[in-house]
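give me a 3D structure for the following:
(2 chains)
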Amino acid sequence: MTISIFEIVGSPLCVASGDGQKVYERLSVALKDSRRVSLSFYNISTLTSAFLNSAVGQLYGEFSEVQIRALLNVQDMQPDDLALLKRVVETAKQYFRDPQKFDQAVRESLGDENDEA
Amino acid sequence: MRLILPEIRHDQAGFQALVGLAEKTENTYFEDIDIDMSTVSWFDADMCSAFGALLYRMGENVNTVRLLNTRPGVDNILSKNGFLSHYGREKIPDRWGTTIPYQRFDAKDDRYFADYIENELIHRDEIPTMSSGLLKKFRESIFEIFSNAVLHSRSELGIFSCGQFFPARHCLDFSVADLGIGMRANIKENAGLDLSAEDAICWSTEGRNTTKRGPVPGGLGLKLLGEFIDLNGGCIQIVSDAGYWRRENKITTTGLLIHSFPGTVVTIEINTADTNTYMLTTEASATDIF
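As a prediction, the model looks like this:
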């Protein structure tokens, strides 16, 4: 099945976290039912990380990487938007994989900065 | 109460002057606040977002705010961008179309904000021709700033924006201010880290750091913005609490203001003559996303 982001958001500007949530809710229902989903970005001109975190990033809190990789694909994305989505996905994986480790990494980065200062 | 404002440029000194105003009016209620602008010989129009936020807060505290003795040049620019129309003046036509109007939004107005950006910034004939790649990155950056304010500030008093472009200098300035919790308090509350105001901004601009907790990850917005500005050759400034952070020519400088701004301000200056193609910094294939 294909889920059209434009159909859900109704605008080429996908910038609001709230709009991303609407996309997420549809994706979540489909993935829970083990449906293969093609997420179409046709006619979408502008994306933000906030939108993509909400629409796609939070899937990693509910489904495994294996499930997502097996069931979800994207289409009609411009190359730079693909790069943004890839970064959002990598951050989400890190965020959900081990929240304590994520926080630890944050603290270490601060420690490193303080050491340099 | 009568307060004198110095000239306001979009730099650390300009923010210093504004937080001084914030400090003097923080606990003022039911007063007439007259701001004497007679010594303001220059006012960078994009600073209207931060200035407007402070004046709005004064109004919320049931004060009557008047801006007095504005010099003709300053009066002209602040009337063209609609700022002074919030304080009893007429909005005058922007003959050269170089202003991006001052506007206040509620946090839930993201679609209204998107329309404002499209109508006042992207689709106006007066805006300098930018490469399609630059225009796309610029548009994304502005939405990232607004989203950041919506997601993190918890501002109940709104989000304020304003801009100006300078055709001869090939640059465009745009600023978004909120009256929210500020980065330092947000990080302390949500990440349990007690940082200085400067460090809090540094922390927030690192890609893997986020105060977001719960089901939706976050943390990329300001990082992406910084990367774009590095490539573009522009400048980004962030003020939050008493922290001041600036990145220009890939160099970050920070400082402490003498008082706190009651929220966060993000100001960007972009180089509109930039001819970078903005090709991918990281390769990504549709089959290798998840």
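
measure residue B:1 to chain A for me?
39 Å (CB to the nearest CB, to the nearest Å). The way it works is simple: take the backbone N, C-alpha and C, and place the C-beta from them, glycine included.

what's the burial count for that residue?
Counted with other CB atoms under 10 Å in any protein chain shown, the neighbours of residue B:1 add up to 12.

next one: the one 10 residues further on
Residue B:11 sits with 15 neighbouring residues when counted by other CB under 10 Å.

if the nearest residue to it once chain neighbours are set aside is in a bridge, with which residues?
Once flanking residues are discounted, residue B:11 sits nearest to residue B:237: 7.7 Å by CB to CB, 6 or more residues apart in numbering or on different chains. Going by DSSP bridges, residue B:237 is paired in beta bridges with residue B:246, residue B:267.

how many neighbours does residue B:237 have?
24.

quick check: longest helix of chain B.
Across chain B, the longest stretch assigned as helix under DSSP state H is helix B:132-153.

where along the stretch 51-200 of chain B do the helices fall?
Ranges of helices within the stretch 51-200 of chain B are B:72-80, B:110-117, B:132-153, B:183-191, B:197-204, based on DSSP state H, counting those that start in this stretch.

packing partners for the fourth one?
It refers to helix B:183-191. Contacts defined by 3 or more CB pairs under 8 Å, 6 or more residues apart in numbering or on different chains; DSSP states H and E place helix B:183-191 against helix B:132-153, helix B:197-204, strand B:235-248.

the second one vs strand B:235-248, what angle?
Okay, so that is helix B:197-204. Angle, helix B:197-204 to strand B:235-248, by axes from the mean of the first three to the mean of the last three CA atoms, to 10 degrees: 100 degrees.

what's the helix or strand that comes right after helix B:197-204 in contact with?
Following helix B:197-204 in sequence order, the next helix or strand is helix B:221-232 (DSSP states H and E). Residues outside helix B:221-232 that contact it (CB atoms under 8 Å, 6 or more residues apart in numbering or on different chains): A:48-50, A:84, A:87, B:134, B:137-138, B:140-141, B:144-145, B:147-148, B:204-207, B:235-236, B:238, B:247-248, B:250, B:266, B:268, B:270-271, B:274, B:276, B:278, B:281.

let's see it at 6 Å
The contact list for helix B:221-232, computed with CB atoms under 6 Å, 6 or more residues apart in numbering or on different chains, reads A:49, B:137, B:141, B:144, B:148, B:204-205, B:207, B:236, B:247, B:250, B:270-271, B:274, B:276.

ranking the residues you listed by neighbours, who comes first?
Counting neighbours by other CB under 10 Å, residue A:49 leads these with 31 neighbours.

make sure residue B:256 is indeed in a strand.
Yes. Applying DSSP: H, G, I helix; E, B strand; the rest coil, one finds residue B:256 inside a strand.

that one contacts residue B:245, correct?
No. Between residue B:256 and residue B:245 there is no contact under CB atoms under 6 Å: 10.6 Å.

picking that back up, so for the contacts of helix B:221-232, which is the shakiest by pLDDT?
Among the contacts of helix B:221-232, residue B:207 carries the lowest pLDDT, at 64.

the helices and strands packed on helix B:183-191: which one's closest to residue A:39?
With respect to residue A:39, and counting by CB to CB, the nearest of these is helix B:132-153 at 18.9 Å.

any idea how far the nearest residue to residue A:16 once chain neighbours are set aside is from residue B:269?
What sits nearest to residue A:16 in space, not counting adjacent residues and going by CB to CB, 6+ apart, is residue B:110, at 3.9 Å. For residue B:110, the distance to residue B:269 (CB to CB, to the nearest Å) stands at 24 Å.

got the residues of chain A near chain B?
A:13, A:15-16, A:46, A:48-50, A:53-54, A:57-58, A:61, A:68-69, A:72, A:74, A:79, A:82-83, A:85-86, A:89, A:91-92, A:95, A:106 (CB under 6 Å from any CB of the partner chain).

quick one, which of those residues are buried?
A:13, A:15-16, A:46, A:48-50, A:53-54, A:57-58, A:68, A:72, A:74, A:82-83, A:85-86, A:89, A:91-92, A:95, A:106 (16 or more other CB atoms under 10 Å in any protein chain shown).

among the residues you listed, name the ones in helices.
A:49-50, A:53-54, A:68, A:82-83, A:85-86, A:89, A:91-92, A:95, A:106.

dump those into CSV; add distance to residue B:32 as well.
Converted to CSV, those look like this (distance: CB to CB, whole Å):
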residue, distance to residue B:32
A:49, 44
A:50, 41
A:53, 45
A:54, 45
A:68, 60
A:82, 56
A:83, 54
A:85, 53
A:86, 56
A:89, 55
A:91, 50
A:92, 51
A:95, 50
A:106, 47
